[in-house]
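J.: quick check, what structure comes out for this input:
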Amino acid sequence: MNLRRILTQNPRQLLNSIRLRLDRFDRPVCRHDPASIMVFITNRCNFRCNTCPFTHLSPWSPPPDIPDISTELFQKVLDHYRGATMVGLVGGEPLLHPDLDSLITIAASRKMTVNLSTNGSLLTDDRIRQLLSLPLGYLNISLDAVDAAEFNRLRGGSPSLYETVLKNAAQVGSIRASMQSPVRFYLSFVTDTINLRRIPEAIELARELGADTVFCQSVLSYSCSDVTSGESILLDEPGNRRFLESLPHPEDITLVPPILQPPPDHEDCQCSSCIHPFKLLAIDGAGNLSPCCVIPPHPRFGNIATDMGAWHHGEPMQRIRSEMLADETASESICLKCWERYSLREQKQ
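T.: Reported below is the predicted structural model:
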């Protein structure tokens, strides 16, 4: 356990961190608080990415007309689950939320590390300075591409839009350096069989833009476009494995490589185990829950606005955890094509 982190925690967070380290995650009811809280602060977005179930119809698309989260609900959730140490603000496009700065300050005042992910298109120089002056842990730009053609394939955007995001990312790196801001700068990339071997280019681009970390996330089978049909999933095959093992790990940039998906003929291919329902609370502006960071929040998973303990002991969350503990086929089929599906087993070992 990180000593520096311990010294910044409040007693509830410290106790919860100990519980999480000792817990075997073998009960459908969680007596501990989540380690992290992911808040879809708005479902509104100015992009129509081909990888996203928010803007393209999918079996996992969220309900329509979900409101932006209010500061009141946000505070209630954080106060109820005050053992959490990290809050991720996502969307939609979080910069469209009118009270984004207040949400960051509210979470940080509770000694929670606050991270923000954006598509980068709305980042003016003034807005960059404002965000880098706030108590953020990291600012992530979901760039996804090393050139305009790849940006169009994954995000559906024009060459001019790609250039705008690229310019804004460069400004984040430049302004952050001039301010000597402690906020870390991430660039994330959706990765599949088509662009896997362009990771070295992503590392070099991140270096040019002044980023700290390149985060490569495997594409998910949302079935909302050709990109997410499942045909380009990164399987754990010898060629893919050898390529990832051969990647350089530069000292000046942290590389988080994509996680390969076990092939369909894996002996445990029906395993639905995952650690997220036991450690992560994910909600939207209406208070709807999600069992993980992959499936958008939905009323079928419970609602924290009507039952603040729904994550701890709500029937839908208990059912999902029970199925995972029993190693049954996932209630959500996307779990069977998700890189996190064996994390519970690994956690227990």
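J.: report pLDDT for Met324.
T.: Looking at Met324, its pLDDT reads 83.
J.: give me the neighbour count for Asn119.
T.: Using other Cβ atoms under 10 Å, the number of residues around Asn119 comes to 24. In this view, the C-beta of every residue, glycine as well, is placed from N, C-alpha and C.
J.: which residues in the protein form strands?
T.: 36-42, 86-91, 113-118, 138-142, 184-191, 213-218, 254-256, 280-284, 288-290, 298-303 (DSSP state E).
J.: tell me the angle the first one makes with strand 280-284.
T.: To tie it back to what came earlier, the one meant is strand 36-42. 10 degrees (axes from the mean of the first three to the mean of the last three Cα atoms, to 10 degrees).
J.: strand 36-42 pairs with which strands?
T.: Next to strand 36-42 in the sheet, as set by DSSP bridges, lie strand 86-91 (parallel), strand 280-284 (parallel).
J.: what about stretch 140-147, distance to the chain center?
T.: 15 Å (Cα atoms, centre = their mean, to the nearest Å).
J.: please list the residues outside that stretch that contact it.
T.: Residues outside stretch 140-147 that contact it (Cβ atoms under 8 Å, 6 or more residues apart in numbering) are 49, 51, 115-120, 123, 150-151, 153-155, 162, 165-166, 168-169, 172, 185-190, 195, 198, 201-202, 205, 215.
J.: and the buried ones among the residues you listed, selectable in ChimeraX?
T.: In ChimeraX, a selection of the buried entries from the contacts of stretch 140-147 looks like this (16 or more other Cβ atoms under 10 Å):
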select :49,51,115,116,117,118,119,120,123,150,151,153,154,155,162,165,166,168,169,172,185,186,187,188,189,190,195,198,202,205,215
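J.: ok, now which ones touch the closest residue to His313 other than its chain neighbours?
T.: Counting by Cβ to Cβ, 6 or more residues apart in numbering, His313 lies nearest to Val29, which is 4.8 Å off, once chain neighbours are set aside. Taking Cβ under 8 Å, 6+ apart, we find Val29 in contact with 312-313, 318.
J.: so which of those wins on neighbours?
T.: Within the contacts of Val29, most neighbours by other Cβ under 10 Å means His312, with 19 neighbours.
J.: leaving out chain neighbours, which residue sits closest to that one?
T.: The shortest distance from His312 to any non-neighbouring residue, by Cβ to Cβ, 6+ apart, is to Cys30 (5.3 Å).
J.: residues contacting the one you found?
T.: 278, 311-313, 317, 321.
J.: distance check, the closest residue to Gln217 other than its chain neighbours against Trp311.
T.: Of all residues not flanking Gln217 in the chain, Val190 sits nearest, at 5.7 Å (Cβ to Cβ, 6+ apart). Separation of Val190 from Trp311 (Cβ to Cβ, to the nearest Å): 28 Å.
J.: same question, Asp147
T.: 41 Å.
J.: and for Arg129?
T.: As judged by Cβ to Cβ, Arg129 and Trp311 stand 36 Å apart.
J.: ok, Pro159 - how many residues close by?
T.: The number of residues packed near Pro159 is 12, by other Cβ under 10 Å.
J.: contacts only, for the nearest residue to it once chain neighbours are set aside.
T.: Nearest residue to Pro159, sequence neighbours excluded (Cβ to Cβ, 6+ apart): Ala148, at 4.0 Å. Ala148 is in contact with 158-159, 162-163, counting by Cβ under 8 Å, 6+ apart.
J.: could you identify the most distant pair in the residues you listed?
T.: Ser158 and Glu163 (9.0 Å; Cβ to Cβ).
J.: what residue ranges in this protein score low on pLDDT?
T.: 1-7, 264-272, 327-331, 341-349 (pLDDT under 70).
J.: okay, helices next: where are they in it?
T.: In the chain, the helices defined using DSSP state H lie at 3-8, 11-22, 71-80, 100-108, 125-132, 148-155, 159-179, 199-209, 238-246, 276-279, 310-313, 315-325, 343-348.
J.: would you mind finding the most buried of those helices?
T.: For the helices of the chain, average neighbour numbers computed from mean count of other Cβ atoms under 10 Å are highest in helix 276-279, which has a mean of 25.
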